[in-house]
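Colleague: quick one, structure for this:
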Amino acid sequence: MFLAILGAGADADPIAATMRTLTTLTELVSTSGTTEPLRFTAALTDGQSLYGFRYAYGSSANTLYYRETGHSVVVVSEPLDMEREFWKPVPPGHLIASRPGKPVVLEPFPEITRLAAE
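Modeller: Modelled structure (predicted):
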């Protein structure tokens, strides 16, 4: 999956590359006749920016949480401590982007990916 995202242009635009890859894979799975779901819950980074994705086709998406602490952001599948009020869930079909000097952005997947998953 990660090699496909890199091949789709992750160095120039990690979000668009991930969306293109997920759209292609969703179309493949939806036309294959398989009953197996496609799930992608992951974090990607280029060493400065951090991106988190929560996606599923044919099933519910695995959990994804993030926490902002000072100038840092942590992305995990489950909260790491008992201070759950500080952990924010990423809703299914959403992504987060944390870029240097900017607030964390939480946004729904672009329309094309949502349509492929329906």
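Colleague: all helices in this structure, in order from the N-terminus.
Modeller: Using DSSP state H, the helices of the chain run over 2-7, 14-32, 111-117.
Colleague: so which residues make contact with the second one?
Modeller: Residues lying outside helix 14-32 but in contact with it, judged by C-beta atoms under 8 Å, 6 or more residues apart in numbering, are 1, 4-6, 8-10, 36-38, 40, 44, 46, 49, 51, 53, 55, 57-58, 95, 97, 109-110, 112-113, 116-117. No exception for glycine: its C-beta is placed from N, CA and C like everyone else's.
Colleague: figure out which of the helices of the chain is closest to residue 73.
Modeller: helix 14-32 (15.0 Å; C-beta to C-beta).
Colleague: excluding its backbone neighbours, what's nearest residue 55?
Modeller: Distances taken as C-beta to C-beta, 6 or more residues apart in numbering place residue 40 nearest to residue 55, at 4.6 Å, with adjacent residues excluded.
Colleague: my guess is that neighbour meets residue 59, correct?
Modeller: No: using C-beta atoms under 8 Å as the test, residue 40 is too far from residue 59 to be in contact (11.1 Å).
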